[in-house]
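Q: can't give you the sequence, but here's the structure:
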């Protein structure tokens, strides 16, 4: 009796388990497949058509500003520095007084020269009168011809002495009135004084003269840079047919400083050197820029843009639309069936927030004006897969200014 009860207690859970599994087993036997999960929707991307513009290729170079005029202020006379008439770093005009040298020694030299001139003029007056008397006496045979010739010679010597002493006076006046006062030779900005008041200044034209200060012109200012032989040939062919004397001055250029984002300063070329360097293979070019506010300083670095092609029509896309595959660049376009297609491209210069696309390769593989280019969601699109395109303008920024 006890064994039967144990069997009944053991079989009850088994019956319940079989009852729960019965519907599942029935479903497996019916031949129905389990429900599959739904496929994900195509990724949403933003597309825009390329923008068509007239473009001029710009070549960029790094260079330095140089002054149009630069003067080292030195004294032509030796003497003691008596006074300084400027503040270090100020703007000066041509003719402004800069330094004064103690003029007293030069005044004494001038006084002596004037005295010597007066003595020579007195001697000349006597020889003229003596010669005039001799003319009458030689006619009367009172004096010999030799004596008359001696009086003539004395007059000529006296005239030469007057001329020499007058030149000495003029030089002494020049030293006193001009050279003892050192003035600015050009308009520009003067540097700091190199000598203090009271120092003896060696002057003259020898190499031992003392440098007192330097002046550099500010407005206009030049910008010098170098470019290679290939660029030189390209510019020469671009300017072919123009007057050789003025063709470079007609080339407009743009410039930006190291802390600027855009080429906001306008100028023009004014010189290209007459020979290519045999050591570097480059040639020196020079542009001129207005500098009314003194922003540009000689020695400052900058970047210059020089036109490197005639105007041409080009397609532009945003920089974010360009992807990289190893060493090649590409854009993704969406065809009429909303399938993403890959187009390999060669990017050119940037224009605002857009990038020029060069027309290279086979015609059927080039980017076209009516293509829908993916400008947002490039990482979500895969070549040959369907996408959900949303239209958007290609550019909302400036349309004419090139960087």
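A: Done, it's in. From a predicted model like this one, the values you see are computed outputs, not experimental measurements.

Q: So what touches whichever strand or helix holds residue 71?
A: According to DSSP states H and E, residue 71 maps onto strand 70-74. For strand 70-74, the surrounding residues in contact (Cβ atoms under 8 Å, 6 or more residues apart in numbering) are 98-99, 182, 184-186, 188, 190, 203, 209-217, 298. C-betas here are computed from N, CA, C, even on glycine.

Q: give me that answer again for 10 Å
A: 98-99, 182-186, 188, 190-191, 193-194, 201-205, 209-217, 298 (Cβ atoms under 10 Å, 6 or more residues apart in numbering).

Q: buried ones in stretch 376-393?
A: For stretch 376-393, the neighbour count (16 or more other Cβ atoms under 10 Å) marks 376-378, 380-381, 387, 389 as buried.

Q: how about the helices in the protein?
A: Here the chain has its helices, by DSSP state H, at 2-29, 104-139, 145-174, 229-238.

Q: Show me how far the last one is from its chain's centre.
A: This points to helix 229-238. Between the centre of helix 229-238 and the centre of its host chain there is 20 Å, according to Cα atoms, centre = their mean, to the nearest Å.

Q: Output the contacting helices and strands for that helix.
A: Applying 3 or more Cβ pairs under 10 Å, 6 or more residues apart in numbering; DSSP states H and E, we find helix 229-238 packed against strand 58-67, strand 221-228, strand 265-272, strand 282-289, strand 301-307.

Q: Just checking: what are the partner strands of the shortest one?
A: The one in question is strand 301-307. With DSSP bridges as the test, strand 301-307 is paired with strand 58-67 (antiparallel), strand 252-256 (antiparallel).

Q: where's the residue nearest to residue 250 when sequence neighbours are not counted relative to residue 235, distance?
A: Computed as Cβ to Cβ, 6 or more residues apart in numbering, the closest residue to residue 250 that is not its neighbour in sequence is residue 242, at 6.7 Å. Separation of residue 242 from residue 235 (Cβ to Cβ, to the nearest Å) stands at 11 Å.

Q: Those two: who's more crowded?
A: residue 235 (22 against 13; other Cβ atoms under 10 Å).

Q: buried stuff in stretch 229-242?
A: Buried residues in stretch 229-242, counted by 16+ other Cβ under 10 Å: 231-232, 234-235, 238-239.

Q: Give the residue spans of the stretch 101-250 of the chain that score low on pLDDT.
A: 140, 206-207, 241, 244-246 (pLDDT under 70).

Q: change it to 90
A: 124, 126-156, 177-178, 201-210, 234-250 (pLDDT under 90).

Q: Then the stretch 251-400 of the chain?
A: Using pLDDT under 90, the stretch 251-400 of the chain drops low at 251-252, 260-262, 270-274, 294, 307-332, 335-400.

Q: cutoff 80 now
A: The stretch 251-400 of the chain contains residues with pLDDT under 80 at 352, 359-366, 392-400.

Q: Strands of that one, start to end?
A: For the stretch 251-400 of the chain, the strands defined by DSSP state E, counting those that start in this stretch cover 252-256, 265-272, 282-289, 301-307, 312-318, 323-325, 328-334, 340-351, 354-358, 372-376, 388-391.
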